[in-house]
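>>> coords please:
(one chain, ligands or ions: 2)
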Amino acid sequence: MITMDDIVREGNPILTQVATKVELPPTSEEIDTLKEMLMYLKNSQDPEIAEQYELRPGVGLAAPQIGISKRMIAVHFDDLDEKISHGLFNPRIVSHSVEKAYLTSGEGCLSVDREVPGYVPRYARITVKGTNIEGEELKLRLKGYASIVIQHEIDHLNGIMFYDHINPDNPFEKPENAIALD
Ligand SMILES: OCN(O)CCCc1ccccc1
Ligand code: NI
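Ligands and ions are numbered 1, 2, ... in the order given. Next comes the predicted model:
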C-alpha cells in the first residue's frame, strides 16, 4: 500500500517535470498503480487507517507524487451531494470557462510540508477527457470544488505546484472575475 514514505516532497525535480503520456491500453502495472493511488486516498480519509499508518488525508494524487513521471491521477472525495471517485490516464482539459474560481481556504499539497497561504485562481468550470481504469474514454464536466481538485492534479502532470498560481505581491488579492469557494 502507498504510505507517506512513498510521497515525493518538494525539491525533488520530478515534481517540476512534465510527465509522460501513458501508452494505451495501459499495462497491468500501470492499472495496479492507479488503483493503489485511489486506495491511498480512501485509506487517508478513513480515520482509523489514516491514524494507524500516519497518512495525511488527500482528495487527489498524481503519479509524479509517488515518483512516477506518468500522466495518471486519482481523485476521491464527496462534493456537495455527489461522490467523485476516478482514476484517470492522460487526463486533459479540453475546454474551460473564462470565469475563475478559488478556495477561500487556499490549497495544500501532500508533497509540500508547509503552509503556503494565498488564493489559487483556477478555472471555475472545466471539461476533462481521459481514460479510466476500465479503459473507457470518459468526459467530465466539472465545476466548484471538483473542478479545483482536478486542476490541482493535472497541474502536477505539468510540473506546476499550487503556489505557482499565488500572487507573490498580494497572496490574498481577490482574483478578478473569480468565484470565491468556501
Ligand atoms: O496533488 C494532490 N495533493 O497534493 C493533495 C491535495 C489536493 C488538493 C488540496 C486542495 C485543493 C485542491 C487539491
Ligand atoms: Ni498536490
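>>> kindly report the residues of the chain close to ligand 1.
58-62, 65, 103, 107-111, 148-149, 152-153, 156 (C-beta under 6 Å from any ligand atom). In this view, the C-beta of every residue, glycine as well, is placed from N, C-alpha and C.
>>> how about the longest helix that the chain contains: buried residues?
The residue-count maximum for a helix in the chain (DSSP state H) belongs to helix 28-44. Judged by neighbour count using 16 or more other C-beta atoms under 10 Å, the buried positions of helix 28-44 are Glu30, Ile31, Thr33, Leu34, Glu36, Met37, Leu38, Met39, Tyr40, Leu41, Asn43, Ser44.
>>> stretch 135-152 now?
Those would be Leu140, Leu142, Lys143, Tyr145, Ala146, Ser147, Ile148, Val149, Ile150, Gln151, His152, for stretch 135-152 by 16+ other C-beta under 10 Å.
>>> how far out from the middle of the chain is that stretch?
10 Å (C-alpha atoms, centre = their mean, to the nearest Å).
>>> which residues touch it?
With contact meaning C-beta atoms under 8 Å, 6 or more residues apart in numbering, stretch 135-152 is reached by 24-26, 59-60, 73, 75, 77, 79-80, 84, 86, 88, 91, 93-94, 101-103, 107, 109, 120, 122-132, 162, 181.
>>> okay, now the unreliable bits of this structure?
By pLDDT under 70, the chain contains no weakly predicted segment.
>>> any idea where the helices of it begin and end?
Here the chain has its helices, by DSSP H, at 28-44, 47-53, 144-157.
>>> residues touching the first one, excluding its own?
Just to be clear, that refers to helix 28-44. By C-beta under 8 Å, 6+ apart, the residues outside helix 28-44 that reach it are 1-3, 22, 26, 49-50, 53, 55-61, 63, 66, 68, 70, 72-77, 85, 87-89, 133.
>>> alpha carbons only: can I get it in CSV?
Provided in CSV are the C-alpha atoms of helix 28-44 (Å, rounded to 0.1, in the frame of the first residue of the first chain):
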residue,chain,number,x,y,z
SER,A,28,-1.3,-4.2,-15.8
GLU,A,29,1.4,-2.5,-13.7
GLU,A,30,0.0,1.0,-14.6
ILE,A,31,-3.5,-0.2,-13.8
ASP,A,32,-2.3,-1.5,-10.4
THR,A,33,-0.5,1.7,-9.7
LEU,A,34,-3.6,3.8,-10.4
LYS,A,35,-5.7,1.5,-8.2
GLU,A,36,-3.1,1.9,-5.4
MET,A,37,-3.3,5.7,-5.8
LEU,A,38,-7.1,5.6,-5.4
MET,A,39,-6.7,3.3,-2.4
TYR,A,40,-4.3,5.8,-0.8
LEU,A,41,-7.0,8.4,-1.0
LYS,A,42,-9.6,6.2,0.5
ASN,A,43,-7.3,5.0,3.3
SER,A,44,-6.2,8.6,4.0
